[in-house]
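> the sequence and its predicted three-dimensional model are supplied below.
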Amino acid sequence: MNTDRYRIDAKAEGPANLELMKGPMLQSLLEDRFQLKLHRASKETDVFELTAGKSGSKLRPAKEGGCVAFDRNHPPETAAGEPEPVFCGFIHKNVDGGFDIPRATIADLCRQLGLYVDRDIVDKTGIVGVFDMHLDLTPADLDYPGAEPDPTSTFTVGDGRAIAAALDKLGLQMRPAKGSAQFLVVDRLERPSEN
C-alpha cells in the first residue's frame, strides 16, 4: 500500500464534477479494482485545542473583496504570467512578511494550520464569524515549500510552538490536549488484476 504505484485511467459515464469524481466515484473504483474494504473508527489521540485567550480575541472582521471563493469543481483559470488568485479561507504568504488567511472562519484557521503540525487542531473558542487573519510566522516556522531553515529560530518545525506564539498575538491560545479523532482503517486491499 505504501510502496506500489499504479496509473489509473478512468472515464465517467456521464458529466461529473471534481467532488463526485474524487469522492464516491473514486471510492467505487478502489473497491472494485483493489478490493478495498475500510471502516471509520474514533480513537483518543493527541490534538491541539484552540481557545480564546484570557484577554479575548483580537481578530479583525473580514473586509469585502481581496480574495476569491474557492470552488474545487470550477477552479479559476489563470493565464501564463498572471499571479495566482488569493483564495478566501486559505493560507497565503504575505509579500511584507508573515502569512495571511483572508475571510476565514476559525474552522478554516484550524484546517489550514493543521497542515503544518503533527496533529489536528480542534476549535474550542466558541468564536463565530469571518475574519482577516495575519500570522507572524516565517516560512521556516511552517517548513513552507522552498523555505530555508532558520538557524536562529528557537522553534522546532511541526511541534506547534511557532504557530502557538503567532496565534497568541491574535488573542488565541493553542495547547496540547487529548481528543477524539476519526481514522480510516483499511480492512482489506489487494493488487488489482490487469485489464
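Ah, there it is. Please read these numbers as outputs of a predicted model, since none were measured by experiment. Residues are numbered from 1 along each chain as shown.
> this protein: strands as residue ranges?
Taking DSSP state E as the test, the strands found in the chain are 37-52, 60-61, 92-93, 99-104, 121-123, 131-135, 172-188.
> of these, which stretch is the most buried?
Ranked by mean neighbour count, these are led by strand 99-104 with a mean of 22 (mean count of other Cβ atoms under 10 Å). (Each C-beta comes from the backbone N, C-alpha and C, glycine too.)
> that one packs against which elements?
strand 92-93, helix 106-114, strand 131-135 (3 or more Cβ pairs under 8 Å, 6 or more residues apart in numbering; DSSP states H and E).
> residues in contact with the nearest residue to D187 once chain neighbours are set aside?
Closest residue in space to D187, ignoring its immediate chain neighbours: K37 at 4.4 Å, by Cβ to Cβ, 6 or more residues apart in numbering. Going by Cβ atoms under 8 Å, 6 or more residues apart in numbering, K37 touches 31, 186-189.
> do G98 as well
With Cβ under 8 Å, 6+ apart, G98 has these contacts: 134-138, 166.
> likewise for I163?
I163 neighbours (Cβ under 8 Å, 6+ apart): 113, 116-117, 135, 137, 141-142, 174.
> mind redoing it with 6 Å?
Applying Cβ atoms under 6 Å, 6 or more residues apart in numbering, one finds that I163 lies in contact with L113.
> and it, how far from P149?
Using Cβ to Cβ, to the nearest Å, I163 is found at 17 Å from P149.
> need the contacts of K37 in JSON lines with distance to R7 and pLDDT, can you?
Converted to JSON lines, those look like this (distance: Cβ to Cβ, whole Å; pLDDT from 0 to 100):
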{"residue": "E31", "distance to R7": "19", "pLDDT": "90"}
{"residue": "V186", "distance to R7": "21", "pLDDT": "90"}
{"residue": "D187", "distance to R7": "25", "pLDDT": "93"}
{"residue": "R188", "distance to R7": "22", "pLDDT": "92"}
{"residue": "L189", "distance to R7": "17", "pLDDT": "89"}
